[in-house]
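In: Let me see the structure of the following:
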Amino acid sequence: MSNEEIKRRGLMLVLSSPSGAGKTTLSKMLLAADGKIKLSVSATTRPIRPGEEHGKDYHFISPDEFSAWIAGGKFLEHAQVFGNRYGTPSHLVDDALKAGRDVLFDIDWQGTQQLKEKMRDDLVSIFILPPSHDELERRLRKRASDPEDVVAGRMAKAADEISHWPEYDYVIVNNDIAKALGDVQAILNAERLKRTRQIGISDFAARLV
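Out: Alright, predicted model coming up:
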């Protein structure tokens, strides 16, 4: 019997970073490279856009239904962004974890705190830092030709987000995207091998004695 066949509980992998530090790029690269992890699909009150699919891009629900889900404790975390509400349905994540599937979250420090309060034993959190202040500013300027005040606002917000790095399990400096991805994969592989997550290891070890 190989280690792959030992029953394992899935984990929740959080990637957070200030805008421009690379978490979205790393998330896409990780999903493309690892078939055992999937991106968490949020529920939202935002109207569906052309080309989007219910259940794939988002779970599109009404504002009243969203409020009812909050009242019923059906979200692991939720927030309001630009007038629309977003949340992580707890039953979908729990079903994935029980089936031994890992779930990736591309969220900020506030969402991470909410997840930590409810699912700490299943949570693995990584904060992505830029290599320098100047490099972060360069990346933000490269992404769009925004006015100076917009760039300044983003940098100020980035400073606030960066201040929360001590709240995370791991910290990676994204100076090289390939190396950063390798570091994320190393963390993920190590966390998958934790004894407490290998829920079938006791039975397997007993058969060896």
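In: any idea which helix or strand carries the residue lying closest to Tyr168 once chain neighbours are set aside?
Out: Leaving aside its chain neighbours, Tyr168 sits nearest to Phe127 (4.0 Å; criterion: CB to CB, 6 or more residues apart in numbering). All C-beta spots, glycine's among them, are computed from the backbone N, C-alpha and C. Assigned by DSSP states H and E, Phe127 falls within strand 123-129.
In: Could you export that strand as CSV, keeping only the C-alpha atoms?
Out: Presented in CSV, the C-alpha positions along strand 123-129 are these (Å, rounded to 0.1, in the frame of the first residue of the first chain):
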residue,chain,number,x,y,z
LEU,A,123,-6.0,26.1,7.9
VAL,A,124,-2.5,26.7,6.4
SER,A,125,-1.8,30.3,5.8
ILE,A,126,1.0,31.9,3.6
PHE,A,127,1.7,35.6,3.2
ILE,A,128,3.5,36.7,0.1
LEU,A,129,5.8,39.7,0.4
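In: ok, back up a step: quick check: the gap between the residue nearest to Tyr168 and Trp109.
Out: Computed as CB to CB, to the nearest Å, the Phe127 to Trp109 distance reads 8 Å.
In: Neighbour count for those two, which is higher?
Out: Neighbour count, other CB atoms under 10 Å: between Phe127 and Trp109, Phe127 has more, with 25 against 20.
In: what about Ile126, how many neighbours?
Out: Ile126 is flanked by 22 other residues according to other CB under 10 Å.
In: Many thanks, we can stop here.
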